[in-house]
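Novice: I need the structure of the sequence given here:
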Amino acid sequence: MSARWAPTPYTTPSDYLTIAYDTATGTRIWHSREGIPGQALWPMSVESSPDGQQLYVTGTGPTVAYDSNTGGRLWEFSDPDFFANSLSVDPGGAGLYVTGAQGIGPKMDLLTAGLSTG
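Specialist: Residues are numbered from 1 along each chain as shown. Okay, the predicted model is just below:
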């Protein structure tokens with residue numbers, strides 16, 4: 001399975017789209033849209049867990065964990081003032097690190113959040 005994010009600025013400007021494909025056939029396995037009404041979301045990073053069972057997506061909206069096989073949402077981390085631009089998975093799979101900025105304008109701080117994947 002392979003997963004890629006795709007911004008959809010012309011069809012649904014407030015959503016981002018995650019699609020999982022079967023790497024052998026190219027068949028779409030599942031897809032998910034994340035959206036917040038009135039807010040333009042941009043996906044910035046996607047990673048999978050070391051065992052391939054979970055997929056993590058982050059960006060200017062929530063950080064979401066999906067079941068890699070079904071696309072079922074496992075959990076979400078959301079902070080309206082946090083804008084993520086990258087994520088990294090702990091090699092053991094127990095943690096996820098999301099880096100970005102929090103705040104607006106001159107009061108903006110860089111932030112790395114450590115999240116439990118379990």
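
Novice: could you report the neighbour count for residue 22?
Specialist: Look at residue 22: counted by other CB atoms under 10 Å, it has 11 neighbours. No exception for glycine: its C-beta is placed from N, CA and C like everyone else's.

Novice: correct me, but it touches residue 68?
Specialist: No: the pair formed by residue 22 and residue 68 falls short of the contact definition of CB atoms under 8 Å, at 11.7 Å.

Novice: which non-adjacent residue is nearest residue 62?
Specialist: Leaving aside its chain neighbours, residue 62 sits nearest to residue 78 (3.9 Å; criterion: CB to CB, 6 or more residues apart in numbering).

Novice: ok, the one you found - contacts?
Specialist: 61, 62, 63 (CB atoms under 8 Å, 6 or more residues apart in numbering).

Novice: any idea of the pLDDT on the second one?
Specialist: Reported pLDDT at residue 62 in the predicted model: 83.

Novice: how much space between it and residue 18?
Specialist: Distance of residue 62 to residue 18, computed by CB to CB, to the nearest Å: 12 Å.
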